[in-house]
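*Asks:* got a sequence here, can you model it:
(4 chains)
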Number of protein chains: 2
Amino acid sequence: MPGSRRRLPTRDELRTWRDFLETTEALRSVLATRLQSDTGLSPGDYGVLLALSEAPGTRMRSSELAATLGWERSRLSHHLGRMERRGLIRREKTPADSRGAEISLAAAGAEAFQAATVPHLRAVRELFVDALTPEQLTAAGEIAAALRENLPAQKNQRAQKPASSTASEEPIHS
Amino acid sequence: MPGSRRRLPTRDELRTWRDFLETTEALRSVLATRLQSDTGLSPGDYGVLLALSEAPGTRMRSSELAATLGWERSRLSHHLGRMERRGLIRREKTPADSRGAEISLAAAGAEAFQAATVPHLRAVRELFVDALTPEQLTAAGEIAAALRENLPAQKNQRAQKPASSTASEEPIHS
DNA sequence: CTCCAGTAATTGACGTGTCAGCTATACGAT
DNA sequence: ATCGTATAGCTGACACGTCAATTACTGGAG
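*Replies:* So this is what the prediction gives:
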């Protein structure tokens, strides 16, 4: 018996890992496909449009947007380029800092987002929330927390909103 | 109160969904980065090499490989192209069906896989298995099963191995 | 044998993601 | 003012994925 194997997962643990990995991947992919065919938006598009719609004046500095989404700046640049081509957003120069760009929601983007939100949330409900018992849903949250806790510190932490007071006055969004 | 919102997730359910989504994504990405820097392989490379190493003669028909991995053929073609360029695998013509291609493990591929397996499994243990309590690990498996159950039927089901008899004679792999 | 529908695998176009490097501006120290 | 470094954003190269179309062969119906 090679003692060096002590720290390797057992067969059952690996099976669980594989199932977990594949299932979350499949779920992601089904959700993405559905969003795409329902509304023509990718998950990335949806995230960008969501952040912009919630921003005051539906406009945001590019780097602020990157921080909100937890994306690298170059990723955002590429993505915004594609979204701009499709007329979903606009890029303008900032008066304040002339290195900066201000991203604003275009009419087409606002409409697309409007049209996307209900179907998307319904899909999340159907494919995730309703698939689990209340106990499983709670467990899923705890598992996510435990995993995240254990993850090495990352550069692109998701921006944390300063938790609104009463927990029910804001628009419901994913 | 708009009755049309009945089927939308609540704020808490959405929060759980977001946490779950982001955490699994982060986990995947950390694991991928680690595999890459430890061994120069992507998760895709690893999967291909794993399937080939377990195949009799370390060779397989391309479409069989696609079925084993649950990948689309075109995805596999592209990936094999990249792996072939790096000398990890070889493509040969099949004697049986001259439309077919036989994929075989090249020496460099076998070595790379050998070198990758222990570090990779250790990482899975560290970042997934050891992050969870035994109960959470069980719950994770059940959650995956429940979600998968609820997913619409997919074209690319993962090929199911005909469960070996005693559950402990085969090589441990992810 | 000939035709043709089906199958194996590849290809090209294009969206998406990362990394490394570039340009332009900002701004504190001198 | 000017020098140096930091910051904002963009770009190019390349890996990865999907979709639709293509190529080349198989195998049965006539």
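
*Asks:* for chain A, which spans come out with low pLDDT?
*Replies:* A:1-6, A:154-174 (pLDDT under 70).

*Asks:* quick one: the strands in it?
*Replies:* Here chain A has its strands, by DSSP state E, at A:59-61, A:89-93, A:101-105.

*Asks:* strands paired with the second one, and their directions?
*Replies:* Looking back up the chat, that one is strand A:89-93. If you go by DSSP bridges, strand A:89-93 pairs up with strand A:101-105 (antiparallel).

*Asks:* how far does the strand it pairs with sit from the chain's center?
*Replies:* 19 Å (Cα atoms, centre = their mean, to the nearest Å).

*Asks:* quick check: buried residues in that strand?
*Replies:* Going by neighbour count (16 or more other Cβ atoms under 10 Å in any protein chain shown), the buried part of strand A:101-105 is A:101-103, A:105. For the C-beta atoms, the positions are set from N, CA and C on the backbone; glycine is no exception.

*Asks:* I'd like those laid out as CSV, including distance to residue A:90.
*Replies:* Output for the buried residues of strand A:101-105, formatted as CSV (distance: Cβ to Cβ, whole Å):
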residue, distance to residue A:90
A:101, 10
A:102, 9
A:103, 7
A:105, 8
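
*Asks:* return the member of the residues you listed nearest to residue B:49.
*Replies:* residue A:103 (42.0 Å; Cβ to Cβ).

*Asks:* re the thing from before, quick one: closest of the strands of chain A to DNA strand C.
*Replies:* Closest to DNA strand C of the strands of chain A is strand A:89-93 (Cβ to the nearest atom of the strand; 9.4 Å).

*Asks:* and DNA strand C, is that closest one touching that?
*Replies:* No: judged by Cβ under 7 Å from any atom of the strand, strand A:89-93 makes no contact with DNA strand C; its nearest approach is 9.4 Å.

*Asks:* one step back: and of the buried residues of strand A:101-105, the nearest to DNA strand D?
*Replies:* Taking Cβ to the nearest atom of the strand as the measure, DNA strand D lies nearest residue A:101 of the buried residues of strand A:101-105, at 4.0 Å.

*Asks:* for that closest one, give the beta-bridge partners.
*Replies:* Beta-bridge partners of residue A:101, as defined by DSSP bridges: residue A:93.

*Asks:* now do the contacts for it.
*Replies:* Residue A:101 makes contact with A:61-62, A:91-94, according to Cβ atoms under 8 Å, 6 or more residues apart in numbering or on different chains.

*Asks:* what's the closest of these to residue B:144?
*Replies:* Among these, residue A:62 lies closest to residue B:144 (Cβ to Cβ), at 37.3 Å.

*Asks:* my guess is that closest one meets residue A:100, correct?
*Replies:* Yes: between residue A:62 and residue A:100 there is a contact under Cβ atoms under 8 Å: 6.8 Å.

*Asks:* and the buried residues of strand A:101-105 as a markdown table, adding distance to DNA strand D?
*Replies:* Shown next, in a markdown table, are these (distance: Cβ to the nearest atom of the strand, whole Å):
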| residue | distance to DNA strand D |
| --- | --- |
| A:101 | 4 |
| A:102 | 7 |
| A:103 | 8 |
| A:105 | 16 |
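
*Asks:* what count of nearby residues applies to the residue of chain A found nearest DNA strand D?
*Replies:* Closest to DNA strand D within chain A is residue A:63: 2.6 Å, counting by Cβ to the nearest atom of the strand. Applying other Cβ atoms under 10 Å in any protein chain shown, we find 14 other residues in the vicinity of residue A:63.

*Asks:* is it true that it touches residue A:100?
*Replies:* Yes: with contact defined as Cβ under 8 Å, residue A:63 counts as touching residue A:100 (7.4 Å).

*Asks:* so which bits of chain A are right by DNA strand C?
*Replies:* Checking chain A against DNA strand C by Cβ under 7 Å from any atom of the strand, the hits are A:42-45, A:71-72, A:74-75, A:78-79, A:82, A:97-99.

*Asks:* taking those, please make a PyMOL selection of just the buried ones.
*Replies:* With 16+ other Cβ under 10 Å as the burial test, the buried ones among the residues of chain A next to DNA strand C are selected in PyMOL as follows:
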select buried, chain A and resi 44+45+71+79
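
*Asks:* same list (the residues of chain A next to DNA strand C) but as a markdown table, adding distance to residue B:50.
*Replies:* Output for the residues of chain A next to DNA strand C, formatted as a markdown table (distance: Cβ to Cβ, whole Å):
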| residue | distance to residue B:50 |
| --- | --- |
| A:42 | 30 |
| A:43 | 28 |
| A:44 | 30 |
| A:45 | 34 |
| A:71 | 31 |
| A:72 | 30 |
| A:74 | 32 |
| A:75 | 29 |
| A:78 | 32 |
| A:79 | 33 |
| A:82 | 34 |
| A:97 | 50 |
| A:98 | 52 |
| A:99 | 47 |
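
*Asks:* tell me the one of the residues of chain A next to DNA strand C nearest residue B:143?
*Replies:* Once Cβ to Cβ is applied, the member of the residues of chain A next to DNA strand C that ends up nearest residue B:143 is residue A:43, at 20.9 Å.

*Asks:* I'd assumed residue A:35 was in contact with the closest one.
*Replies:* Yes: if you go by Cβ under 8 Å, residue A:43 and residue A:35 touch, sitting 6.4 Å apart.

*Asks:* could you find the closest non-adjacent residue to the residue nearest the centre of chain A?
*Replies:* When chain A is reduced to its mean C-alpha position, the closest residue under Cα atoms, centre = their mean turns out to be residue A:47, at 5.6 Å. Nearest non-adjacent residue to residue A:47, counting by Cβ to Cβ, 6 or more residues apart in numbering or on different chains: residue A:69, 5.5 Å away.

*Asks:* many thanks, we can stop here.
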